[in-house]
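Enquirer: from the sequence below, what's the structure:
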Amino acid sequence: MQQLYSFAYILVAFLAFWTDPTDAFTCDPETATIIGGNYTVLENGSLLLYSCPVGQYPYPTEFRHCGFNGKWSPMRKPNRVAIHQAKCYDIRCQRPLDFENGMYEPRQPYYNVSQELTFECYGGYIMRGSQKRTCLPNGKWSGETTICDDGVGHCPNPGIPIGARKAGMQYRIEYKVQYTCERGLSLVGSKERVCQESGMWSGAEPECRSPYSFDTPEEVSSKFITSLTETVESIDSDKNVSTTGKRRIKIEKDGSLNIYIVIDSSRSIKKDQFQEAQNMSIKLIEKISSYDISPKYGVITFATEVKELVSTMDERSSDAAWVIEKLEGIKHSDHKQKPGTNIYKGLFAVYTMMISQEAAERRRGLNPPPVSEKTRHVIVLLSDGDYNMGGDPTSVIKQIRGFLHIGRNHTNPREDYLDVYIFAVGGTVNMENVNKIASQKSGERHAFKLKDYNDLQVAFDEMIDESETLSMCGLAKEHKTPDHQLRNPWYTTITISRSGGGYEYCKGALVSEYYVLTAAHCFTIDDTANQITVYVGRTQYSVAALYSHPKYQIGKLRDRGIPEFYDYDVALVKLAAKVKFWALARPVCLPCTAGATRALRKPHPQTTCRDHEEELLPAANVNSLFVTDCEDSGQKGLRRRIVRIKNGDKKLACEEDAKKANQYKNVTNVADVVTDRFLCTGGFDPELDPNTCKGDSGGPLIIQKRLRYIQVGVISWGVVNVCKTREPACEGERGAQQNSPSHARDFHINLFKVIPWLKEKLSDEDLDFL
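Expert: The predicted structure follows:
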């Protein structure tokens with residue numbers, strides 16, 4: 001049977017809902033303090049945000065607005081009684097209001113974190129969902145809604161979520177049930193559900209949310225990706241659901257897949273938050289691209305007005321690499337002059353793009369036009385507040401539904417042709433407004449609320465299938481995590497046991513399943529493989545062989561009074577066992593390899609090694625990083641330090657300072673010791689660079705490009721040892737070397753200058769050198 005593939009439109013709109021600041025009035029924050037917590041004033045004094053210790057939440061609200069009268073917005077209890085001062089309360093889980101056909105215990109007015117509910121059904125009823133549920137630290141219950149069902153209805157008993165009441169006891173075709181939440185809780189999901197002929201309930205299962213409850217990144221990751229990509233497979237075009245009742249995305253061969261990314265750039269979005277939205281948009285594009293489909297993309301930013309960066313009408317809109325480049329080019333300041341939050345215009349720009357594509361398809365003789373007939377649309381909104389201008393954005397969703405002919409035909413409602421997801425971030429979220437925009441699909445979640453952008457970053461990291469990407473070079477977890485190795489999974493520690501006693505330590509970078517790249521000066525001519533061990537992630541590896549560059553000779557210039565010479569200071573350590581790649585052990589990218597070409601999103605095999613060098617090491621001050629050991633309160637960790645490779649007008653001055661090293665006091669021509677195989681960092685100009693420490697030798701000097709990490713150098717030697725005492729702090733500025741002299745420079749072997757040797761030694765490692 002000929003396979004038919006349906007094509008979906010995925011509209012990905014990363015939006016943020018905020019309230020526009022009031023510039024004309026100010027409010028005194030000292031009149032709005034909170035008992036047991038703190039406050040932060042945002043938006044030029046127009047917004048006050050409360051915070052409480054871990055395990056508590058601000059009551060009765062998390063934020064207050066400055067009014068036109070110069071006073072903070074009033075606070076009220078759920079029963080509308082006024083409250084004059086906010087207070088931090090312990091996070092608790094709400095109680096069940098109703099439970100049909102069974103019983104539960106214990107019965108309490110509220111439940112503390114870690115308390116457990118146990119459910120039991122009466123005789124003749126079968127339990128679905130969770131028998132035991134635990135109150136979680138995020139104010140939600142573990143597990144699924146518990147239901148006791150006798151199975152006599154055409155549709156199964158839809159259940160009653162904790163904190164809700166249900167009206168409707170008959171589960172026949174076309175019969176309805178309605179839900180309401182206890183006062184003070186917000187309903188997420190469908191307020192009304194209808195029993196359908198298919199035996200399924202319309203809409204999404206409702207949930208009653210406390211204002212302080214958040215979804216975990218794991219919930220967001222699993223439920224969003226499960227809903228978005230539950231089954232991307234070929235099925236008969238006239239079927240909308242599978243035999244299991246789960247909705248499937250259909251892909252038809254004569255359709256097209258469009259992804260619209262709409263990013264909020266209003267005043268309320270800080271620069272770092274905007275950049276995180278960019279990064280997460282890129283990750284989502286890469287995730288979609290991993291499904292072997294080539295969608296068209298649209299990219300829009302908005303504040304008061306909209307800015308169209310990429311249109312689905314562009315010839316290259318299906319080139320993910322090109323679209324990502326466009327995404328990387330957007331700036332937080334693009335909407336500085338008109339910084340309102342007009343979600344209506346952001347969504348309307350998407351709708352306009354659809355209409356334009358329909359007109360173009362008609363001009364090409366495509367009737368009916370595929371854009372409105374054979375496409376599926378998924379809108380993803382990233383939000384952290386509420387819109388403040390432009391009107392109700394739900395009206396745009398209604399226009400899009402009409403454009404897609406959704407809901408017109410009772411026998412074929414076409415609901416699968418539109419999905420609206422919302423990622424709501426932070427405490428200013430209005431979940432009732434969020435729920436009005438989000439789709440309501442049976443067995444799926446489309447509205448999510450996360451605590452902050454780091455949690456959203458974790459969620460998007462979790463969406464990437466590790467099994468698909470582990471062998472890819474230069475990937476790391478980007479979110480803040482106590483395990484620093486996750487952010488630097490290529491980072492290795494090398495221990496050399498000396499025959500006379502004692503140990504020496506160096507660093508290195510994992511570059512393949514068997515090899516670690518490090519510095520040759522870490523080893524003496526007498527060192528053997530059995531004296532060396534390497535820690536990769538949390539695993540210790542024995543060494544099978546050690547290969548130093550054949551041109552490395554530390555004593556080559558001693559006859560000229562130069563005791564140490566570090567030219568060609570690179571070595572490869574071959575491990576005795578293959579490294580199994582996982583989150584804590586992944587390879588860094590090496591330049592002039594196919595992996596680095598893909599990381600740079602360049603065409604392969606057309607891209608050359610020279611192309612890599614021109615992009616990574618232009619004639620300028622190039623931002624790069626190295627990783628060093630750190631310590632906080634006795635806890636060891638890793639810290640990234642940002643330095644600038646002096647590859648432009650600062651290069652000569654940087655290299656000249658090498659003569660101030662003790663071992664080079666007799667050097668008159670710096671070129672004798674600093675060859676063209678070195679990269680130079682450190683010093684004060686154009687700004688203060690942190691310096692490497694002695695134990696950092698052999699570690700990688702890395703350039704980050706498009707969320708990928710490419711090693712361009714190996715840490716070799718420094719002019720001054722600035723780390724004679726304690727290790728730098730993992731956070732803050734302790735040990736930041738503020739007193740380092742201006743001539744404190746570091747020198748690194750330039751990998752572009754040793755590519756032939758690397759290519760020879762790593763020929764069996766499937767790195768595909770250019």
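Enquirer: domain ranges for this structure?
Expert: 29-90, 92-209, 254-463, 484-762 (the TED database).
Enquirer: out of those domains, flag the one nearest Glu478.
Expert: domain 254-463 (5.8 Å; C-beta to C-beta). (Glycine included, C-beta is placed from N, CA and C.)
Enquirer: show me how far that closest one is from its chain's centre.
Expert: Averaging C-alpha positions (C-alpha atoms, centre = their mean, to the nearest Å) puts domain 254-463 17 Å from its chain's average.
Enquirer: picking up where we left off before, which one of the domains of the chain lies nearest to Glu218?
Expert: Closest among the domains of the chain, using C-beta to C-beta: domain 254-463, at 6.4 Å.
Enquirer: average pLDDT across the closest one?
Expert: Across domain 254-463, pLDDT averages out at 82.
Enquirer: mind listing what the closest residue to Val220 other than its chain neighbours touches?
Expert: Excluding its sequence neighbours, the residue lying closest to Val220 (C-beta to C-beta, 6 or more residues apart in numbering) is Ala459, at 4.0 Å. Going by C-beta atoms under 8 Å, 6 or more residues apart in numbering, Ala459 touches Pro217, Glu218, Val220, Ser221, Phe224, Phe423, Leu450.
Enquirer: narrow those to those that are buried.
Expert: The neighbour-count test (16 or more other C-beta atoms under 10 Å) marks Pro217, Val220, Ser221, Phe224, Phe423, Leu450 as buried among the contacts of Ala459.
Enquirer: name the nearest residue to Leu404, sequence neighbours excluded.
Expert: Tyr417 is the one closest to Leu404 (C-beta to C-beta, 6+ apart), at 4.7 Å.
Enquirer: so which residue is smack in the middle of the protein?
Expert: The residue lying closest to the centre of the chain (C-alpha atoms, centre = their mean) is Gln457, at 3.1 Å.
Enquirer: wait, a strand at that residue?
Expert: No: read with DSSP: H, G, I helix; E, B strand; the rest coil, Gln457 is helix and lies in no strand.
Enquirer: relative to Leu382, how far out is it?
Expert: Per C-beta to C-beta, to the nearest Å, Gln457 is found 12 Å from Leu382.
Enquirer: can you pull out the strands in the stretch 301-450 of the chain?
Expert: Using DSSP state E, counting those that start in this stretch, the strands of the stretch 301-450 of the chain run over 306-310, 377-383, 418-425, 447-450.
Enquirer: for His549, find the nearest of those.
Expert: Here strand 306-310 is closest among the strands of the stretch 301-450 of the chain (C-beta to C-beta), at 45.3 Å.
Enquirer: and for the closest one, what's in contact with it?
Expert: So strand 306-310 is in contact with 265, 297-301, 317, 323, 326-327, 329-330, 334-335, 342, 345-346, 348-349, 353, going by C-beta under 8 Å, 6+ apart.
Enquirer: that one pairs with which strands, and in what direction?
Expert: Next to strand 306-310 in the sheet, as set by DSSP bridges, lie strand 296-302 (antiparallel).
Enquirer: that older thread, which of the contacts of Ala459 fall within strands?
Expert: Judged by DSSP state E, strands contain the following of the contacts of Ala459: Phe423, Leu450.
Enquirer: could you dump the contacts of Ala459 to TSV with distance to Ala82?
Expert: As requested, those are arranged in TSV below (distance: C-beta to C-beta, whole Å):
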residue	distance to Ala82
Pro217	37
Glu218	39
Val220	35
Ser221	41
Phe224	39
Phe423	33
Leu450	31
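Enquirer: with the contacts of Ala459 in mind, which one is nearest to Arg745?
Expert: Using C-beta to C-beta, Pro217 is the member of those that lies nearest Arg745, at 41.4 Å.
Enquirer: hmm, Val458 and that closest one touching each other?
Expert: Yes: counting by C-beta atoms under 8 Å, Pro217 touches Val458, with 3.7 Å between them.
Enquirer: gap between the residue lying farthest from the centre of the chain and Phe565?
Expert: Ranked by distance from the centre of the chain (C-alpha atoms, centre = their mean), the top residue is Asp559, with 55.1 Å. To Phe565, Asp559 is 11 Å away according to C-beta to C-beta.
Enquirer: in TSV: the domains of the chain, plus distance to Leu770.
Expert: Below are these laid out as TSV (distance: least, C-beta to C-beta, whole Å):
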stretch	distance to Leu770
domain 29-90	49
domain 92-209	48
domain 254-463	18
domain 484-762	5
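Enquirer: out of the ones you listed, flag the one nearest Met472.
Expert: With C-beta to C-beta, the closest approach to Met472 among these belongs to domain 484-762: 6.9 Å.
Enquirer: distance between the ends of that closest one?
Expert: 28 Å (C-alpha to C-alpha, to the nearest Å).
Enquirer: go on, stretch 560-574?
Expert: 35 Å.
Enquirer: so for that stretch, what gets flagged as buried?
Expert: For stretch 560-574, burial by neighbour count (16+ other C-beta under 10 Å) applies to Ile562, Glu564, Phe565, Tyr566, Asp567, Tyr568, Asp569, Val570, Ala571, Leu572, Val573, Lys574.
Enquirer: what is the mean pLDDT for stretch 728-738?
Expert: 61.
Enquirer: next one: stretch 182-193
Expert: The average of the pLDDT scores along stretch 182-193 is 91.
Enquirer: list the buried residues of it.
Expert: Those would be Glu182, Leu185, Ser186, Leu187, Val188, Gly189, Ser190, Arg193, for stretch 182-193 by 16+ other C-beta under 10 Å.
Enquirer: just stretch 336-353 next, same as before
Expert: 339-351, 353.
Enquirer: show me which of the residues you listed is closest to Ala661.
Expert: Pro339 (50.9 Å).
Enquirer: of the domains of the chain, which is nearest Lys477?
Expert: domain 484-762 (4.2 Å).
Enquirer: give me every residue that touches Asp455.
Expert: For Asp455, the contact set (C-beta under 8 Å, 6+ apart) comprises Phe214, Thr216, Pro217, Val220, Val425.
Enquirer: ok, and the closest non-adjacent residue to the second one?
Expert: Beyond its immediate neighbours in the sequence, the residue positioned closest to Thr216 (C-beta to C-beta, 6+ apart) is Asn138, lying 6.1 Å away.
Enquirer: per-residue pLDDT, that neighbour?
Expert: At Asn138, pLDDT is 90.
Enquirer: quickly find the element holding it.
Expert: If you go by DSSP states H and E, Asn138 is not part of any helix or strand.
Enquirer: with Gly555 instead?
Expert: Counting by DSSP H and E, Gly555 is found in no helix or strand.
Enquirer: mind checking pLDDT for Val570?
Expert: 97.
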